[in-house]
Structures are given as C-alpha cells and as structure tokens.
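**Student:** here is my input; please provide its structure:
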Amino acid sequence: MKKTTIIIPCAGKSSRYPTVRPKFLLVNPSGNLVLIDSISKLNLKNCSLIVTILEEHNKKYGIEKMLKKIPNSPKISICILDKPTKSQAETVYKTIKLQKIDGPVFIKDCDNIFGLEQIEEKYNYVATLLLKNAGVINASNKSYALNEGEFIKTIREKEVISDTFCVGGYYFVKASDFIETFEKLNNENPKMELYVSMIIRFLIEKKGMKFKTKNVFEYLDLGTINEWLRFKSTIKTYLVDIDGVLVENSGEYSKPLWGKSKGIKENVKVIQKLYKLNNQIILITSRKESYRETTIKQLKKLDIKFHQLIMNVYHSQRILINDFSNSNPYPSALAINIPRDSKDLIKYLNLEKEWPSNER
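**Tutor:** Numbers count the residues shown, from 1 in each chain. Alright, predicted model coming up:
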C-alpha cells in the first residue's frame, strides 16, 4: 500500500482570527507553532506531510525557511497557491492536482489537536468524537455523522443530526474519489463553498461508497481566536519564590538554614497541582548558586516538580515586565504578594472556587 499523504490546508484568510498573523503560525504556550501542535498526537508512521499555504503568507513570514528550522519536527513539504481558495475542499483539490498525489490521503484541519493511533487504513473514514467527550466547543459550527451499523449513513455540515461530530480529519483510500467528486459538484455550482463533508455525503448517498467513523482522543478545538485565547488562558507560567512561599523562610546565616526549613504543605500541594495541569513552574530564590544542589535536594524531598530554578535573585523588590498584544491580551502579567510563611497560596491565586476541596 502506498504512503498516506496528510494534507493540511492553510490557504485561507483566517477570517476567524482577525488582527493576528495566520492562525497556523501562532505560537502555543508550549512554544510550538499551532501547525506543529496540530499533528503532534498523530501516529505519522508510513505518512508524508504536505502543508498548503498562500504565496503572500510565504513572502511575508518566510514559512518555507521557518519550517525547515524547527528542531525535531517531521519533514513537511510545502504546496504554495498564488491566491486564496473559496473553501478548504478547493485547497485540498488544488493540492492533490499540483502535487500529483494518488493513493490514500488524510485531510487534517490545522486549527485543532487530536490523537489517532493509526492513520493508514484499508477503508474510508471520518475522524469523530462524541459531543459528551468534547469539552467546551461551538457545537453549531461542526459537521455531524449519523451511523447505521458500522458505516456512516449520512453526514451534514453545521446540522446536528447525531451526537457524533467530525473533528476535522478525513481519510480517502483513493485521492481520485475526492478529485472526481469535487469537480462534479464544483461544475454544478461554481459559486458554492464546498466543505469536505459535502464531498463525503455525495459519495455516500449518490455513489454508495462506504465510510466509517473513527474515534480520536485528547481533542482540543482552536477554531476561533476566542477558543485559542481560552486555551492559552488555561496554561500559565508561574514564577514562585521558594523561601516564605513553599518552605518556611530560611537564611544563609540564621536558623533555619537554607535547605533545612520545613515545607508549607498547603502551598506545596497547590504547586504540585499546577504542575500536573501543564502549567510552567519557574522557581526563583535569593539563595546563592553554591546552594543549588542543597535546594534541589530539598525540593525533591518535598516532591516539588519544576521546569526551571533561578538562583541568585536579589533579596529586594521584584518587578515583572511583560509585553501584551492581540495574541497575548492585557494583562499579560500579574503580581501576587503573599505574607511570609502564609498557608493561603490557593486563596491568593483565587483558585478556591475552581478547585473544590475534594480535588486539591
């Protein structure tokens, strides 16, 4: 069987992401481009990747060079279109034609993340998820598949006909099936915006072709800028002082000495949970660099996990300065002052309502 070609269409105007750069070039809290994170949970075995972009975006942002510089990313081929297409389906059509793709294709939205254990199959399928497992999404803006037995009976765009919605992954065993159907529907109504779901619906209802649903895992919707900003707001960077916040205040010259003080267990639990929720934890301290190993040993004993440890921070007022923008709205930084050795970090972070006592 030929390699599956994964096509990621990025040749639209990103109208749902106004005032910022094209959505696939935005940077997630992880530091990765939205584009790279969109394929991060896919099993890419026996697959090749093609990203379709606009020439104007390539000239402005240097996308070809940018993608080549990303460390540890899969090899990505670029297909460049000279002007925007009317629809995602047209972008896919032009990509298949320009790249002379035959064999199986998997069409993947660039503005979401989901996992698939295996892409390559011997049958056509639509990647789906039950609404009850989707978290917060705009349900009215999805396409839905209605199953009859093991196959899809019909599929509808922006019409809730079942509790199974399409997450933006479509697998065709033969690229030619997509090409032929697109050409037919486009010729019948050249002004119509064609969705991939419409191509599949025609193949099912008019051609009797079989499509299955295939469940995904760890789905995250980034379809609009509000959804992306909401996602970003759930992941923060916490710069946390050690002495007086996580452990009882200590010093180099007076007892309790650095590395010997007791942990403030209530606050330690808060940091442990923040770490588990994928927040970035950066610990800062005025302890001298020569006390790094002593400090790390103390943190390990208290089971405090962190991403970075900054030593030698002045024992004085600390001021954090951060820029804000449309992609990182104001206020992009906050300061929290907590009384020395207080046990109420959760209160000062305003997490009491968000974290019920039985979940702390």
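**Student:** just checking, K83 touches L54?
**Tutor:** Yes - with contact defined as C-beta atoms under 8 Å, K83 and L54 form a contacting pair (7.3 Å). C-beta here means a position set from N, CA and C on the backbone, and glycine is covered the same way.
**Student:** helices or strands next to the helix or strand containing L274 in the packing?
**Tutor:** Under the criterion of DSSP states H and E, L274 resides in helix 265-276. In terms of contacts (3 or more C-beta pairs under 8 Å, 6 or more residues apart in numbering; DSSP states H and E), helix 265-276 is packed against strand 237-241, strand 280-284, helix 345-348.
**Student:** so which of these gets nearest T4?
**Tutor:** strand 280-284 (34.8 Å; C-beta to C-beta).
**Student:** quick one: residues in contact with the closest one.
**Tutor:** When contacts are defined by C-beta atoms under 8 Å, 6 or more residues apart in numbering, strand 280-284 is touched by residues 29, 235-242, 246, 271, 274-275, 299, 304-310, 313, 318.
**Student:** report the buried members of these.
**Tutor:** Neighbour-count burial within those applies to 29, 238-242, 246, 271, 274-275, 299, 304, 306, 309; the criterion is 16 or more other C-beta atoms under 10 Å.
**Student:** need those in TSV (columns: distance to L116 and pLDDT).
**Tutor:** Shown next, in TSV, are the buried ones among the contacts of strand 280-284 (distance: C-beta to C-beta, whole Å; pLDDT from 0 to 100):
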residue	distance to L116	pLDDT
P29	23	93
Y238	33	97
L239	37	98
V240	37	98
D241	42	98
I242	42	98
L246	40	98
I271	34	97
L274	30	96
Y275	28	96
L299	38	98
I304	35	97
F306	32	97
L309	37	98
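**Student:** which of these sits closest to T213?
**Tutor:** Set against T213, the nearest of these by C-beta to C-beta is P29 (30.9 Å).
**Student:** give me the three-state assignment for the closest one.
**Tutor:** Following DSSP: H, G, I helix; E, B strand; the rest coil, the label given to P29 is coil.
**Student:** who's in contact with it?
**Tutor:** Neighbours of P29 in contact, by C-beta under 8 Å, 6+ apart: 232, 235-236, 280.
**Student:** and if we set it to 10 Å?
**Tutor:** 37, 231-237, 278-280 (C-beta atoms under 10 Å, 6 or more residues apart in numbering).
**Student:** just the buried ones out of these, please.
**Tutor:** For the contacts of P29, a burial check counting by 16+ other C-beta under 10 Å picks out 37, 231-232, 279-280.
**Student:** who are the contact partners of I80?
**Tutor:** Contacts for I80 were tallied using C-beta under 10 Å, 6+ apart; they are 11, 51-59, 63-64, 98.
**Student:** returning to that earlier point: farthest-separated two in the buried ones among the contacts of P29?
**Tutor:** Maximum pairwise distance in the buried ones among the contacts of P29, criterion C-beta to C-beta, is 16.7 Å, between D37 and N279.
**Student:** F324 is nearest to which of the helices and strands packed on helix 265-276?
**Tutor:** Nearest to F324, of the helices and strands packed on helix 265-276 and by C-beta to C-beta, is strand 237-241 at 14.3 Å.
**Student:** tell me the strands beside the closest one, with direction?
**Tutor:** Strand 237-241 pairs in its sheet with strand 280-284 (parallel), by DSSP bridges.
**Student:** would you mark the buried spots in the strand it pairs with?
**Tutor:** Using 16+ other C-beta under 10 Å as the test for burial, strand 280-284 gives 280-281, 283-284.
**Student:** where's A11 relative to I76, distance?
**Tutor:** The gap separating A11 from I76 is 15 Å, by C-beta to C-beta, to the nearest Å.
**Student:** more neighbours: which of those two?
**Tutor:** Neighbours per residue, other C-beta atoms under 10 Å: of A11 and I76, the larger number sits with A11, 24 against 19.
**Student:** tally of neighbours for N138?
**Tutor:** Burial measure for N138: 11 neighbouring residues, criterion other C-beta under 10 Å.
**Student:** I'd say it and L222 touch.
**Tutor:** No - with contacts defined as C-beta atoms under 10 Å, N138 does not count as touching L222, sitting 11.6 Å away.
**Student:** so where's the protein shaky on pLDDT?
**Tutor:** Where the chain drops to pLDDT under 70, the residues are 1, 14, 357-360.
**Student:** show me where it has helices.
**Tutor:** Remark: helices assigned in the chain by DSSP state H are 34-38, 55-61, 63-69, 88-99, 175-188, 196-205, 225-233, 265-276, 292-301, 345-348.
**Student:** V105 is nearest to which of those?
**Tutor:** Nearest of these to V105, taken as C-beta to C-beta: helix 175-188 at 4.7 Å.
**Student:** show me what counts as buried in that closest one.
**Tutor:** For helix 175-188, burial by neighbour count (16+ other C-beta under 10 Å) applies to 175, 177-179, 181-182, 185-186.
**Student:** got it, and stretch 92-105?
**Tutor:** 92-96, 99, 101, 104-105.
**Student:** same thing with stretch 190-208?
**Tutor:** Result for stretch 190-208 [16+ other C-beta under 10 Å]: buried residues 194-204.
**Student:** so what's the gap between it and the chain middle?
**Tutor:** 29 Å (C-alpha atoms, centre = their mean, to the nearest Å).
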